[in-house]
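Asks: Below: sequence and its predicted model.
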2 protein chains.
Amino acid sequence: MYTAGGGSMDSKVEFLFLNEEDMIKAGVLDADRAVDTVGEVITLLSEGDYLMGGRAHNDHGVQLIFPEKSDIPNFPLADSADRRFMAMPAYLGGRFHMCGEKWYGSNGNNRSIGLPRSILMMMLNDVETGKPLAYMSGNLLSSMRTGAMPGLAAKLLARDDSKVLTLVGPGVICRSSLRAIMSQRFDIDTIKIKGSSPTSANAIKMKEYIEENYPQVKNIVLCRDMEEALKDADIITEAVSCKEGEWPEYKREWLKPGALVISTSTFNMEHKSIVDLKKVIDNYGMYENYAEEDNVGYDENGNRLHTGCMGEDFVYMVQDGLIERDSLTTFGEIIRGKKPGRESDDEIILVSIEGMPTEDVAWAYECYTYALVHDIGTKLKVWDRPYAF
Amino acid sequence: MYTAGGGSMDSKVEFLFLNEEDMIKAGVLDADRAVDTVGEVITLLSEGDYLMGGRAHNDHGVQLIFPEKSDIPNFPLADSADRRFMAMPAYLGGRFHMCGEKWYGSNGNNRSIGLPRSILMMMLNDVETGKPLAYMSGNLLSSMRTGAMPGLAAKLLARDDSKVLTLVGPGVICRSSLRAIMSQRFDIDTIKIKGSSPTSANAIKMKEYIEENYPQVKNIVLCRDMEEALKDADIITEAVSCKEGEWPEYKREWLKPGALVISTSTFNMEHKSIVDLKKVIDNYGMYENYAEEDNVGYDENGNRLHTGCMGEDFVYMVQDGLIERDSLTTFGEIIRGKKPGRESDDEIILVSIEGMPTEDVAWAYECYTYALVHDIGTKLKVWDRPYAF
């Protein structure tokens, strides 16, 4: 069987290295195509044509978790936001038929030395032999595939006449979500930005970015508080980076009828207040895994504690009998026509997106095959023949 | 703080690519030094100066597990021995102070097309920033670090007058164990080989390899069965690759007094028969994790089912009250003088070694630093400045 770059009958192993500049040449920043690609991923997921980690095939990955403190000299500590390493392997089927893995380290302090918070590398591997096919800079790849899912949500679930977009947590992920949403929704003329403050550097940078790139946007509002940010919005997309437990609180009454609320990161809403809203998720099994691992309890009033992760909260709502399992809809069910998407102009829809390594594999595959055809990148040899040990 | 290759205050990211030939130049095949290095790893493990995956810091890694069958066209299946992908991240402290990850795909059918069963790549990353520092061919690295542990066991726990070495499962790992054991024990004059049959290609290749490389070995015996292989042996080291449940069976009465039995892969011994033998392991927490995940039951006679993994079986023996937790000794406790190693010439000692990504990080670090100093390998740039997204 033919697989791109692999499957040949000789023992030579070589792979393609794509640095960040190569990745840009290979189309990694094409938001519209990224939205289409993650749509394909979601369909394959819905058909079970994928593998993630572990026996249930739904592990999101494995993390190195730094401790808060240690008696050991020089031991690395959880002393900044998001400090961790993570390995995220996956197989994706269909036309992709590809294994791969994203591996990254994050440290909130990186910003102060001119580096991104996370530095990511992506590998693609031949499914049959395990051969490395590509080793690529993963930062733009990961941002674009992450933003592509809110783009897909906006395409499938927003009101067609959406005009007001709200960005909560205006960092790199939110910017990529903006790009993807703007590639799908052409009538947006107002963008509201909620940073840590109206004058936060990220909020101001986001405003300037929109002014430069989207002249059709007539109003850009730097919001003082969450209520101001959420009210009147047709589409809300959030990508907040904060410490555990300090997730922002959204209130149901701040949402206008017909709003689409997209979460790629963390916030809380009172469970009882969202029982009747439509809930869309990317992968139920993955959130079940989270819920099983975290196994959060209840407060003194018998209310389930929040997790910050909307999809995980949905699983607890099912377990607590607040909603039926069947009331949750996956993107795949919508794309394949098994369940409806938006059913009325007034419906409020909550979307939880966690991001999966299957999406990285798909978008990496697209960039890799483009690079192969257009001779982009550096070919590197692992061996001509393996050393006869 | 200085870290090799990282820690500089600019935003450029570059790493060193080392192919298999580079790795050889960088010393990856130096068995004696590999034994010393894994000895350091074991000491750091014993001091808690490391991280592996998950909240308990002891996850061995995350696997893509292929199903036995699938209705989906073209879905990859568990249709050969060892077919899997696995990501194994770790942090190692001490003088290493390094994060890294081994990522590999395995397929027993690779042999038929001239490729190793597993194709492994290794990454090293700066602990503080997550920057990639090295991307290296991992096959020799992984074999050598895996063999180094039996070498360390032979150094610490074999009788000083050991003359007879038995190799069970004479593949790549066994060959690397042989190299490491021969680098520590100079009186070995007889080597017994137990392959799938006395005329198996691997057994004969191993015999030829020993004849070429170890002229001091006067007798090389291709064994017909396990009893012949185990009896009279001073040191037994095994690295058997077989299907789940088809693990070879060892009997206590086949072991001579003073024997050292080293397992890096799979075999079974009746639990009751090994209660009084000294048991040495590399990392208790890791085997506890395995036992918790597998949670194997009992047969119709109330005997605990076997797992093939000796260290995991030890955990069940503790849980079943056959032995005390304290009767298990770790390498680290021996190296640090907290528990005795061999206490008499007649003592039979069982050693279970699973292999941990901390060992990969250590041996990769040694090769990487050597390569840096000696200008080996290819420097590759990820970016000069990250793309201002």
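Replies: Okay, I see it.

Asks: what number of residues lie near residue A:56?
Replies: Residue A:56: 13 surrounding residues under other CB atoms under 10 Å in any protein chain shown. Glycine gets a C-beta too; all of them are placed from N, C-alpha and C.

Asks: so where do the strands sit in the stretch 101-250 of chain A?
Replies: For the stretch 101-250 of chain A, the strands defined by DSSP state E, counting those that start in this stretch cover A:118-125, A:132-137, A:164-168, A:190-194, A:219-222, A:235-238.

Asks: Save these as TSV, and put in distance to chain B too.
Replies: Formatted as TSV, these follow (distance: least, CB to the nearest CB, whole Å):
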stretch	distance to chain B
strand A:118-125	4
strand A:132-137	5
strand A:164-168	14
strand A:190-194	16
strand A:219-222	18
strand A:235-238	16
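
Asks: For those, give me a markdown table that also has mean pLDDT, distance to residue B:146 and mean neighbour count.
Replies: Output for the strands of the stretch 101-250 of chain A, formatted as a markdown table (pLDDT from 0 to 100; distance: least, CB to CB, whole Å; neighbours: other CB atoms under 10 Å in any protein chain shown):
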| stretch | mean pLDDT | distance to residue B:146 | mean neighbour count |
| --- | --- | --- | --- |
| strand A:118-125 | 98 | 21 | 26 |
| strand A:132-137 | 98 | 20 | 27 |
| strand A:164-168 | 98 | 48 | 26 |
| strand A:190-194 | 98 | 52 | 23 |
| strand A:219-222 | 97 | 57 | 16 |
| strand A:235-238 | 97 | 46 | 28 |
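
Asks: how about these, which one is nearest residue A:40?
Replies: The minimum distance between residue A:40 and these falls on strand A:118-125, with 16.3 Å, by CB to CB.

Asks: Run me through the strand neighbours of the closest one, direction for each.
Replies: Partner strands for strand A:118-125, per DSSP bridges, with pairing direction: strand A:98-106 (antiparallel), strand A:132-137 (antiparallel).

Asks: For residue B:318, find the nearest of the strands of the stretch 101-250 of chain A.
Replies: strand A:118-125 (38.2 Å).

Asks: got the CA positions of the lengthiest helix in chain A in CSV?
Replies: What stands out as the longest helix in chain A, according to DSSP state H, is helix A:139-157. Only the C-alpha atoms of helix A:139-157 are listed here, as CSV (Å, rounded to 0.1, in the frame of the first residue of the first chain):
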residue,chain,number,x,y,z
ASN,A,139,3.9,26.3,17.0
LEU,A,140,2.0,27.7,14.0
LEU,A,141,0.6,24.2,13.2
SER,A,142,-0.8,23.9,16.7
SER,A,143,-2.2,27.4,16.9
MET,A,144,-3.8,27.1,13.5
ARG,A,145,-5.4,23.7,14.2
THR,A,146,-6.6,24.9,17.6
GLY,A,147,-8.2,28.1,16.0
ALA,A,148,-9.6,26.0,13.2
MET,A,149,-12.1,24.3,15.5
PRO,A,150,-13.7,27.6,16.6
GLY,A,151,-13.7,28.4,12.9
LEU,A,152,-15.6,25.2,12.2
ALA,A,153,-18.0,25.9,15.1
ALA,A,154,-18.7,29.4,13.7
LYS,A,155,-19.3,27.9,10.3
LEU,A,156,-21.6,25.2,11.5
LEU,A,157,-23.4,26.7,14.5
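
Asks: now the angle between strand A:164-168 and that helix, please.
Replies: Note on geometry: by axes from the mean of the first three to the mean of the last three CA atoms, to 10 degrees, helix A:139-157 and strand A:164-168 are set 140 degrees apart in direction.

Asks: on that earlier part again, just send the strands paired with strand A:118-125 back as a markdown table, with distance to residue A:311 too.
Replies: Shown next, in a markdown table, are the strands paired with strand A:118-125 (distance: least, CB to CB, whole Å):
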| stretch | distance to residue A:311 |
| --- | --- |
| strand A:98-106 | 20 |
| strand A:132-137 | 28 |
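
Asks: ranges for the helices of the stretch 151-300 of chain A?
Replies: A:172-182, A:201-213, A:226-230, A:284-294 (DSSP state H, counting those that start in this stretch).

Asks: Out of the ones you listed, flag the one nearest residue A:10.
Replies: Set against residue A:10 and scored by CB to CB, the helices of the stretch 151-300 of chain A come closest in helix A:284-294, at 38.7 Å.

Asks: other SSEs contacting the next helix or strand after the closest one?
Replies: Later in the chain than helix A:284-294, the nearest helix or strand by DSSP states H and E is helix A:310-319. Under the contact criterion of 3 or more CB pairs under 8 Å, 6 or more residues apart in numbering or on different chains; DSSP states H and E, helix A:310-319 touches strand A:278-281, helix A:284-294, strand A:349-352.

Asks: Contacts for the longest one next, please.
Replies: It stands for helix A:284-294. Contact with helix A:284-294 is made by A:52, A:56-60, A:281, A:307, A:309, A:311-312, A:314-316, A:319, A:325, A:328, A:330, A:352, A:354, A:356, as judged by CB atoms under 8 Å, 6 or more residues apart in numbering or on different chains.

Asks: can you list the domain ranges for chain A.
Replies: Domain ranges of chain A: A:13-142+A:358-383, A:147-357, per automatic domain parsing.

Asks: Same list (those) but as a markdown table, adding distance to residue B:182.
Replies: Listed next are those as a markdown table, based on distance: least, CB to CB, whole Å:
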| stretch | distance to residue B:182 |
| --- | --- |
| domain A:13-142+A:358-383 | 25 |
| domain A:147-357 | 42 |
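
Asks: deepest of the ones you listed, which one?
Replies: Stretch with highest mean neighbour count among these: domain A:13-142+A:358-383 (a mean of 21; mean count of other CB atoms under 10 Å in any protein chain shown).

Asks: can you give me the offset of it from its chain's centre?
Replies: Here domain A:13-142+A:358-383 is found 12 Å from its chain centre; the criterion is CA atoms, centre = their mean, to the nearest Å.

Asks: What is the end-to-end distance of it?
Replies: Start-to-end span of domain A:13-142+A:358-383 (CA to CA, to the nearest Å) is 6 Å.

Asks: Which single residue in the stretch 151-300 of chain A comes nearest to chain B?
Replies: Ranked by CB to the nearest CB, the top residue of the stretch 151-300 of chain A for proximity to chain B is residue A:172, at 5.5 Å.

Asks: how close does that residue get to residue B:198?
Replies: Here the distance between residue A:172 and residue B:198 works out to 62 Å (CB to CB, to the nearest Å).

Asks: for residue A:274, same thing?
Replies: Distance from residue A:274 to residue B:198, counting by CB to CB: 69 Å.

Asks: circling back: got a markdown table for the strands of the stretch 101-250 of chain A, with distance to residue B:13 too?
Replies: Formatted as a markdown table, the strands of the stretch 101-250 of chain A follow (distance: least, CB to CB, whole Å):
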| stretch | distance to residue B:13 |
| --- | --- |
| strand A:118-125 | 7 |
| strand A:132-137 | 8 |
| strand A:164-168 | 28 |
| strand A:190-194 | 29 |
| strand A:219-222 | 32 |
| strand A:235-238 | 29 |
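
Asks: wait, which of these is closest to residue A:112?
Replies: Comparing the strands of the stretch 101-250 of chain A against residue A:112 with CB to CB, the closest turns out to be strand A:118-125 (14.4 Å).

Asks: how about that closest one as PDB, C-alpha atoms only?
Replies: Taking Å, rounded to 0.1, in the frame of the first residue of the first chain, the C-alpha atoms of strand A:118-125 are listed here in PDB:
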ATOM      1  CA  SER A 118       5.000  26.800  24.500                       C
ATOM      2  CA  ILE A 119       7.600  25.500  22.100                       C
ATOM      3  CA  LEU A 120       6.100  22.600  20.100                       C
ATOM      4  CA  MET A 121       7.600  20.100  17.700                       C
ATOM      5  CA  MET A 122       5.500  17.700  15.500                       C
ATOM      6  CA  MET A 123       6.500  14.300  14.100                       C
ATOM      7  CA  LEU A 124       4.800  12.300  11.500                       C
ATOM      8  CA  ASN A 125       5.500   8.500  11.200                       C
END
